[in-house]
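**Student:** I need the structure of the sequence given here:
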Amino acid sequence: MMEKRVAIIGGGAAGCFCAIEIKRLHPTWMVTVYEAATKLLAKVAVTGGGRCNLTNSFRTCLDDRGRLINLQSIYPRGDKLMRKVLSRFSHVDTYEWFENEGVKLVTQDDECVFPVSQDAMEIVRTLTRNMYNLGVKVSLKSRVTSIVPNNKDDGYVIEPFGEYYNSVVVTTGGSPKTSGLAFLDALNLDIVSPVPSLFTFNIDGSQNALLMGTVVENVTVSLAGTKHKAHGPLLWTHWGVSGPAILKLSSYAARDLAATDYKGTLIVNWYGDAKEQVVREKLEKMMREQSQKKVSNVYPTRLTQKHWNVLLDCCSIPQTQRWGALNATHVNRLVSVLTSQQLVITGRNKWKEEFVTCGGVSLTNINPKTLACRQYPGVFFAGEVLDIDAVTGGYNLQAAWSTARMCAENI
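**Tutor:** Now for the predicted structure:
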């Protein structure tokens, strides 16, 4: 009896993990990974700044009983499917899987999970070692141009290699352009046009150079004219703003920003969720208690003096002004700039290694119970090639591990 042949298209996190899990479940099957690049797991090697943020504690999405809730705040696209997938292979399962392989993990204060070694290559080596030991065949520098259904026996031919397989798992990751998914044309799938996600904003103004490197904790940012809003630390850079709050907002608003060519107005509440009245009372208290001191020398503790002075300039308040001499107009300006400062977005920062995208293979094509193609049940999809993406924090890699495991179980 001929053993089953499985092709995996893409040697990233989802592809390599899926290959390992298939071979563990079916040791005699022939599993081949096709990778267009010269090495496997190139993106895993650089993720998390080379430290590999491989999952998250999901603490912010757990209720009192430990059940996952509000996944849409983490997965702006694909949250319903991810709920099903995570019920089969969760962040806890991921943690245990890697620790069982000898990778010691640590959960940081921000709930991100990293190897204790802080070395992404430990993850790369663990996966590639398992693939080698299990007998997974790897074909590098092998770009697949087409998956052709063989109508005679429900198999598939991988072109340009002319190799026949019983099943195929597509794990090519996010594609910056729809043309990158042309190898799927023979399957006649619905494709959601890809656009970038998880990027930083270019901001107009001279404050960038002055504030470069400044971090403000717990701010709220929103995109004017939309309902998109995010919370977290913000980092000033020489080109504009970055940090978890901005990356989350870019994920939530990925399609709206793409539609405006990455132009718009960023609204920042430097006091987090605080309302105007709360901030006004804080300022009035400082006016009473610090009346004889210069406004440049006494300022909110959540801001640096340099940042505070920039905001004073925005309000046309001299740095030599005494707190007790501020008038109603001054206070109104400060309240406004502290709770809803408007910054002009002139574009997105284009990282050389940008690889998170919104879009891909539409979930309407997929059986949510198996991750198989509805029209071609022998073709499965895992990872970012699907129209699933997440905010920063290890959630995108968790989606890769979980969807890959689900494919392996159902293939």
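
**Student:** okay, CA-based contacts and neighbour counts for the rest of this
**Tutor:** Will do.

**Student:** Next, the distance between the ends of stretch 322-332.
**Tutor:** One end of stretch 322-332 sits 16 Å from the other (Cα to Cα, to the nearest Å).

**Student:** outside of that stretch, which residues touch it?
**Tutor:** Residues from elsewhere that reach stretch 322-332, judged by Cα atoms under 8 Å, 6 or more residues apart in numbering: 280, 283, 286-288, 290-295, 315, 317.

**Student:** Equivalent analysis for stretch 107-115, please.
**Tutor:** Contacts of stretch 107-115 (Cα under 8 Å, 6+ apart): 51-59, 103-106, 122-123, 393-394.

**Student:** Among those, name the buried ones.
**Tutor:** Neighbour counting with 16 or more other Cα atoms under 10 Å marks 51-58, 103, 105, 122-123, 393-394 as buried within these.

**Student:** could you pull out the helices for the stretch 301-411 of the chain?
**Tutor:** 305-314, 328-340, 395-410 (DSSP state H, counting those that start in this stretch).

**Student:** just for the chain, where's the confidence low?
**Tutor:** 1-2, 152, 351-355 (pLDDT under 70).

**Student:** that older thread, which one (most neighbours) among the contacts of stretch 322-332?
**Tutor:** Counting neighbours by other Cα atoms under 10 Å, residue 295 leads these with 24 neighbours.

**Student:** Distance of that one relative to residue 313?
**Tutor:** Taken as Cα to Cα, the span from residue 295 to residue 313 is 11 Å.

**Student:** Next one: residue 115 from residue 128, what distance?
**Tutor:** In terms of Cα to Cα, residue 115 sits 16 Å off from residue 128.

**Student:** who has more neighbours, the two?
**Tutor:** residue 115 (21 against 18).

**Student:** what pairs with that one across the strands?
**Tutor:** Residue 115 has the following beta-bridge partners by DSSP bridges: residue 105.

**Student:** where does residue 173 land in three-state SS?
**Tutor:** State at residue 173, reduced to three classes by DSSP: H, G, I helix; E, B strand; the rest coil: coil.

**Student:** Does it touch residue 387 like I think?
**Tutor:** No. Using Cα atoms under 8 Å, residue 173 is not in contact with residue 387; the gap is 10.3 Å.

**Student:** So for the two, which sits in the more crowded spot?
**Tutor:** residue 173 (25 against 21).

**Student:** so residue 266 touches residue 345, yeah?
**Tutor:** Yes. The pair residue 266 and residue 345 qualifies as a contact (Cα under 8 Å) at a distance of 6.4 Å.

**Student:** For the stretch 251-400 of the chain, which segments count as strands?
**Tutor:** For the stretch 251-400 of the chain, the strands defined by DSSP state E, counting those that start in this stretch cover 264-269, 341-348, 357-361, 379-381.

**Student:** Any chance of these in a markdown table with mean neighbour count as columns?
**Tutor:** A markdown table is the format used below for the strands of the stretch 251-400 of the chain (neighbours: other Cα atoms under 10 Å):
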| stretch | mean neighbour count |
| --- | --- |
| strand 264-269 | 20 |
| strand 341-348 | 19 |
| strand 357-361 | 26 |
| strand 379-381 | 27 |
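
**Student:** what sits against the residue of the chain most remote from its centre?
**Tutor:** Distance from the C-alpha centroid of the chain peaks at residue 292, with 48.0 Å (Cα atoms, centre = their mean). For residue 292, the contacting residues are 322, 323, 324, by Cα under 8 Å, 6+ apart.
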